[in-house]
Every structure is written in structure tokens, then in C-alpha cells.
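Chemist: This is a predicted model, with the sequence first.
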Amino acid sequence: MALMSKLQASYLAGLIDGEGYIGILQTKRGNKAEWHSLREFIYQPVLKVCMTNEALIRWIYDSFGGTFETRKAHHNAKESYGWMCRKAQVREFLRYLHPYLRVKKRQAEVIFRFPTLKAGDKVSDEVYKKREMLCNEIRCLNKVGSLRD
């Protein structure tokens, strides 16, 4: 990931606070041999921004990597664009944004506590339970219409 200036970090923090999502994906394990876990779920941090302004989403993607997607228009919804990063890149990205986040600061702090492993390491019972607990914690923080302290 490219370095970002304080101005870029503060702008992106506002964008994430308003239009973004910071969470932990809980994915059914499936049959992928490369996953080093026999557990039911795989947990991974994710950071997303979706909106109808393609130029802004492309700027984030071109500047900082991650993935870019287009969602086709349907019914009354316009075509929209999304940027996403996953795994270790989320933590790295949020380190820049954390001082400027207001609405999603607690979600970023949950991601900082997410245990990471080296490539090829097996997920221990302790790590799995902590990831599951953090996934539930961040879901509560992201619940729409919930009261937040």
C-alpha cells in the first residue's frame, strides 16, 4: 500500500465514517485446500466503500490497491462502485485513518485486536475463539439503528 498524507488520511476517514464499512467477514469454510483450518468459518477483516461516484472509488483503488467492483443499475438504483481491502491490508490502512475517524473509531480498534498469523500457520482454538468474539463485537457496533455510547 502506498503512503498517504495526513490530508488524504483525514479525507478518507471522513469518507469511511460516512459511506464506509469496517467489519469482519465470516465465511463458510467450504472445500478450499489452501485454508489452513478445519473450522466451520473463516474470519477476515474487511474495509469497504461503495457509492455512485466512480471517479472517487477509482482514485482510492489506483492510489492504495485493494479491489474495485461495479454493481449494475437495477430497478430505481443507479450503477454503483465499490472499493475493498481485506486481511492485513485493512489494519495497515486503518493505522493511517484511526486518528481522524469519529463514527467508526471503535470498529477500527476491534480490527487492531484481530489476531493475525503467518502464512501457513494453523488457527489454534484460542485464536479462533478470539476471532469469533471480535466478529460478534464488531457486528454489534455496526448494527443499524443501535444505540452507541
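Modeler: Arrived safely, thanks for sending. Numbers count the residues shown, from 1 in each chain.

Chemist: Let me see the residues that make contact with the helix ranked longest in the chain.
Modeler: Identified as the longest helix of the chain according to DSSP state H is helix 125-142. With C-beta atoms under 8 Å, 6 or more residues apart in numbering as the test, helix 125-142 has contacts from 21-24, 26, 37, 39, 41, 43, 106-107, 110-111, 113-115, 117, 123, 146, 148. All C-beta atoms are positioned from the backbone trio N, CA, C, and that covers glycine.

Chemist: in that helix, what's buried?
Modeler: Residues 127-128, 131-132, 134-135, 137-138, 141-142 are the ones in helix 125-142 that count as buried (16 or more other C-beta atoms under 10 Å).

Chemist: Just give me how far it sits from the chain centre.
Modeler: With C-alpha atoms, centre = their mean, to the nearest Å as the basis, helix 125-142 stands 14 Å off its chain's centre.

Chemist: can you check stretch 106-113 too?
Modeler: Stretch 106-113 sits 10 Å away from the centroid of its parent chain (C-alpha atoms, centre = their mean).

Chemist: pLDDT averaged over it - what is it?
Modeler: Averaged over stretch 106-113, pLDDT sits at 97.

Chemist: ok, now stretch 7-18?
Modeler: Averaged across stretch 7-18, the pLDDT comes to 96.

Chemist: Could you number the chain from 33 rather than 1 from now on?
Modeler: With 33 as the first residue, the last one maps to stretch 39-50.

Chemist: Determine the set of other helices and strands touching the host helix or strand of residue 93.
Modeler: Secondary structure from DSSP states H and E places residue 93 in helix 86-96. Under the contact criterion of 3 or more C-beta pairs under 8 Å, 6 or more residues apart in numbering; DSSP states H and E, helix 86-96 touches helix 38-51, strand 73-83, strand 99-103, strand 112-118.
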